[in-house]
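Participant: model this:
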Amino acid sequence: MQSSISKYRITKRVGGGSFGDIYLGVGANGEKVAVKFEKHGARCPQLRHEYKVYRELQNAPGFAKVHYFGTQDSYNLMVMDLLGPSLEDQFNKCGRRFSLKTVLMVADQLLERVELMHSRHLIHRDIKPANFVTDGGRGNGNFIYCIDFGLSKRYRHPRTLQHIPQREGRSLTGTPRYASINNHLGVEQSRRDDLESIGYVLVYFLKGGLPWQGLKAKSATKKYKLIMEKKQSITIPALCQGCPSQFAEYLAYCRSLKFEAKPNIAYLRGMFRDLFRSQGYTNNHSSLDWDWNRHEGGAPDRERTDNMEGGY
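Facilitator: Predicted structure coming up:
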């Protein structure tokens, strides 16, 4: 690995996955950045595509700024803002359960991020807790950024606004745990699928898990089929048992959307905001669950629902 990229000195590895590795970079004036590496010849190269998506989202609140993209030796690389822990990381720190207040505040930000992406003619296609991160000290630690656009695509032409056609026989794209039912069924994804995935993320945060986690199968393909069948068979009220009724209403709305429909995100955010106010909560961003863990040594008291099996 190179010791310097552009004007940044590469220090230590801070993350990675099937796409490659992420290293910490330090600029001449001490600013810290994330440097994402992807080896030439990667089986599913995504970094150049992801860079183009970031460029489409530059200067939008809740999306990281990209400082440099290029190639060096046998790598594609991208330099971007260094952000903080993911929502999955924060969830683990909080004992794998968030309070209702925190879930509602997270919901508002996730819906705002996706609405902005959709306004730029893009769908994410891999909504999951690991793809939303906190601000890493840039603010109060509770402003959420949306990241990882390797699977994102345009759902309509930016000038003509012509929507992509509905196709079937597509491969499952994204993370099976949070994938929409139509994604499992091989239907081309559109805006509705991002929103359905957010619904599963919110229930996961509130209940501590989802009923299709931990399923056993002899192959990944068979496991994905079991997950799909569980999603299809469980009713929305059963999935959302123990949650306020707004969560079931949210998922029912998402599943009712037609392929080309523009979701009414203002309605969805308003529904959760009304619930927030009805609980007597105040919009104090310093009182999210991970702040309590950071400053008080533990999460605040919260209503608990039955624990569910973790796993895949």
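Participant: burial count for the residue lying closest to Leu122 once chain neighbours are set aside?
Facilitator: Distances taken as Cβ to Cβ, 6 or more residues apart in numbering place Ser152 nearest to Leu122, at 5.4 Å, with adjacent residues excluded. Where you see a C-beta, it was placed from the backbone N, CA and C, and this is true even at glycine. The local packing of Ser152 (other Cβ atoms under 10 Å) involves 23 other residues.
Participant: pLDDT below threshold where in the stretch 101-250 of the chain?
Facilitator: The model of the stretch 101-250 of the chain has pLDDT under 70 over residues 137-139.
Participant: buried sites along the longest strand seen in the chain?
Facilitator: Secondary structure of the chain per DSSP state E: the longest strand is strand 8-17. Residues of strand 8-17 classed as buried by neighbour count (16 or more other Cβ atoms under 10 Å): 8, 10.
Participant: what pairs with it, parallel or antiparallel?
Facilitator: strand 4-5 (antiparallel), strand 20-26 (antiparallel) (DSSP bridges).
Participant: pLDDT score for Gly16?
Facilitator: Confidence at Gly16, expressed as pLDDT, is 78.
Participant: the closest residue to it other than its chain neighbours - how many residues pack around it?
Facilitator: With Cβ to Cβ, 6+ apart as the criterion, Gly16 has its nearest non-adjacent residue at 5.7 Å, and that residue is Ile22. Ile22 has 18 neighbours, counted by other Cβ under 10 Å.
Participant: ok, which stretches of the stretch 151-300 of the chain are strands?
Facilitator: For the stretch 151-300 of the chain, the strands defined by DSSP state E, counting those that start in this stretch cover 153-154.
Participant: that older thread, quick one: contacts of the longest strand of the chain?
Facilitator: 1-4, 21-27, 33-35, 68, 79 (Cβ atoms under 8 Å, 6 or more residues apart in numbering).
Participant: which residues does the residue nearest to Leu122 contact?
Facilitator: 49-50, 53, 117, 122-126.
Participant: doesn't Phe37 make contact with the residue nearest to Gly16?
Facilitator: Yes - using Cβ atoms under 8 Å, Ile22 is in contact with Phe37, at 7.5 Å.
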